[in-house]
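Trainee: Need a 3D model of the following:
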Amino acid sequence: MDILILGGTVFLGRHLVETAQGQGHRLTLFNRGRSNPGLFPNVEQIHGDRAADLDRLSNRHWDAVIDTSGYLPAQVRASAGALARRTGLYVFVSTISVYADFTQPHMDENASLARLDNPEDTALDPETYGALKTHCEDAVLAALSDRGLIIRPGLIVGPHDPTDRFTYWPVRVAQGGELLAPESPGVPIQFIDVRDLAAWILACVAQGTTGVYNTTGPAAPYTLGELLAVCRQTAAADATPVWVSADFLAEHNVAPFADMPLWVPDTLRGISTVDCRRALAAGLSFRPVQATVAETLQWRHSLPGNPPLRAGLTPEREANLLATWYRRYPR
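Mentor: Presented below is the predicted three-dimensional model:
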C-alpha cells in the first residue's frame, strides 16, 4: 500500500515506519525535517510545515494517511481537508485525554469528551491538550466522514520513548535498593507498547477499518505491583518498593505521572481503567510485559552518556522523601 505519514521520525512515527517497511508498504513522510533528520534515508521525505506547506502534497494520492503529529484543530482541519480527496483512509492519532471526566472508571468510546469554547484561540499546553485533540478529531471526521479512523491511545511506552514516563520504573528497579512507590501494589495502571500500537494501526489500514477506538492495555487489568515485580525479575535486581500514601505524596508535591510515572490518585483513576474492548475485538493484541520491560531497558542502556530521565524522582529527592516517610513511620 501507498501510505503517507505526517511526522514519522519520533517514537510512534518511527515505529510505524519500521513496521510498515517490514511489511513492504511504500511510504512517504511529510515533516519539518528537524527531528532525527538522518533517520530513514531510503524513505521518501517531503519537508514542510503542515500549517503552511500542504501544497507540496498536491497531485499525489495515497491509500492511507496516518497523522501522528496533529495537535491544533486549525492545522488538522487544513491537512484533513487538503488530503480528503487524495487518500482512501485518514488515520488520526488522538489520545484518551480527550475524555471529560476521569473520576469515571471504565470509560468507553461513547464517554463525554472535553471541549473548549474557543479552540481556535487556545494555546497548546498540558491543560488544554486533551480538549484540543477532541476538536482535532472533529476536524478529521468532518472532512473524511466514514473514511476516518480515530485512535485514542493511553500511555505509549517502549524503546525510543521521549518522555520516560514508563522507562523510569525499569531503570529505577534495576538500580536496586529501596524505592518510593505510590499507595499500594494494587494501584491499577494501563499502557501500550509502541510496537503493538504501530502494528495494529497498520493492520487497520490494511483492512480499511474506520471509527473510534481506545487503545491501551494490557488486555486484562494490571497493577503497578505486578509491573514492579516484572521489572525486578527482568533486571535480576534486589529492589524493594516502599509504598507511601497518596496523602503523603500530595503533601510533598509529588506530581502524578511526572514525578510518579503511571500513577494518578484515586479521584482520577478513570485514566487508568479505560475500556478497550472495541479495539480488542478489532484485533489489538499485546506482547508480554516482560518483553516491553526488557527491551526498554536494553534501549535505555544503549543511549550514550546515560542521560537523565525526563520523568520520575531524582535520586536526591527520592532519598529525602524516604527519609521523611521513615521519620513519620519508623521501620
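Trainee: Verify the stated contact: Ile96 with Asn214.
Mentor: Yes: if you go by CB atoms under 8 Å, Ile96 and Asn214 touch, sitting 6.0 Å apart. In this view, the C-beta of every residue, glycine as well, is placed from N, C-alpha and C.
Trainee: got any residues that touch both of those two?
Mentor: Each of Arg152, Gly154, Val274 lies in contact with both Ile96 and Asn214 under the rule CB atoms under 8 Å, 6 or more residues apart in numbering.
Trainee: hang on, the earlier thing: just want to know which of Ile96 and Asn214 has more residues nearby.
Mentor: Higher neighbour count among Ile96 and Asn214: Asn214, with 27 against 24, using other CB atoms under 10 Å.
Trainee: Now do the phi/psi pair for that one.
Mentor: phi -70, psi 140 (degrees, to the nearest 10).
Trainee: Okay, and the beta partners of it?
Mentor: Judged by DSSP bridges, the bridge partners of Asn214 are Arg152.
Trainee: ok, it - contacts?
Mentor: If you count contacts by CB under 8 Å, 6+ apart, Asn214 has them with Ile96, Met107, Asp108, Glu109, Arg152, Gly154, Val274, Asp275, Cys276, Arg278, Ala279.
Trainee: ok, now with 10 Å
Mentor: Neighbouring residues of Asn214 by CB atoms under 10 Å, 6 or more residues apart in numbering: 94-96, 98-99, 107-109, 111, 150-154, 190, 274-280, 284.
Trainee: Buried members of those into ChimeraX, please.
Mentor: With 16 or more other CB atoms under 10 Å as the criterion, this ChimeraX line picks the buried residues out of these:
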select :94,95,96,98,99,107,109,111,150,151,152,153,154,190,274,275,276,278,279,280,284
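Trainee: Which members of the contacts of Asn214 occur in helices, if any?
Mentor: Taking DSSP state H, the ones among the contacts of Asn214 that sit in helices are Arg277, Arg278, Ala279, Leu280.
Trainee: ok, those residues vs Leu309, which is closest?
Mentor: Of all these, Leu309 sits closest to Ala279, with 29.6 Å by CB to CB.
Trainee: wait, Gly13 sits on Leu4?
Mentor: No: using CB atoms under 10 Å as the test, Gly13 is too far from Leu4 to be in contact (11.8 Å).
Trainee: what do those two both touch?
Mentor: Contacts common to Gly13 and Leu4, judged by CB under 10 Å, 6+ apart, are Leu29, Ile66, Asp67.
Trainee: ok so the first one is a strand residue?
Mentor: Spelled out, that is Leu29. Yes: checked against DSSP: H, G, I helix; E, B strand; the rest coil, Leu29 lies within a strand.
Trainee: And the residue lying closest to it once chain neighbours are set aside, its phi and psi?
Mentor: Residue nearest to Leu29 in three dimensions, not counting chain neighbours: Gly8, with 3.8 Å by CB to CB, 6 or more residues apart in numbering. The phi/psi pair for Gly8 (degrees, to the nearest 10) reads phi 100, psi 0.
Trainee: Please, where are all the helices along the chain?
Mentor: 12-22, 73-83, 129-144, 168-175, 194-207, 224-235, 246-251, 277-281, 289-302, 315-328.
Trainee: Just the angle for the third one relative to helix 73-83, thanks.
Mentor: Yep, that's helix 129-144 we're talking about. 20 degrees (axes from the mean of the first three to the mean of the last three CA atoms, to 10 degrees).
Trainee: what do you get for the last one?
Mentor: Orientation check (the same axes, to 10 degrees): helix 315-328 against helix 73-83 gives 130 degrees.
Trainee: The helices of the chain: which one's closest to Ile46?
Mentor: helix 73-83 (12.6 Å).
Trainee: tell me which residues of the closest one are tucked away?
Mentor: Pro73, Gln75, Val76, Arg77, Ala78, Ser79, Ala80, Leu83.
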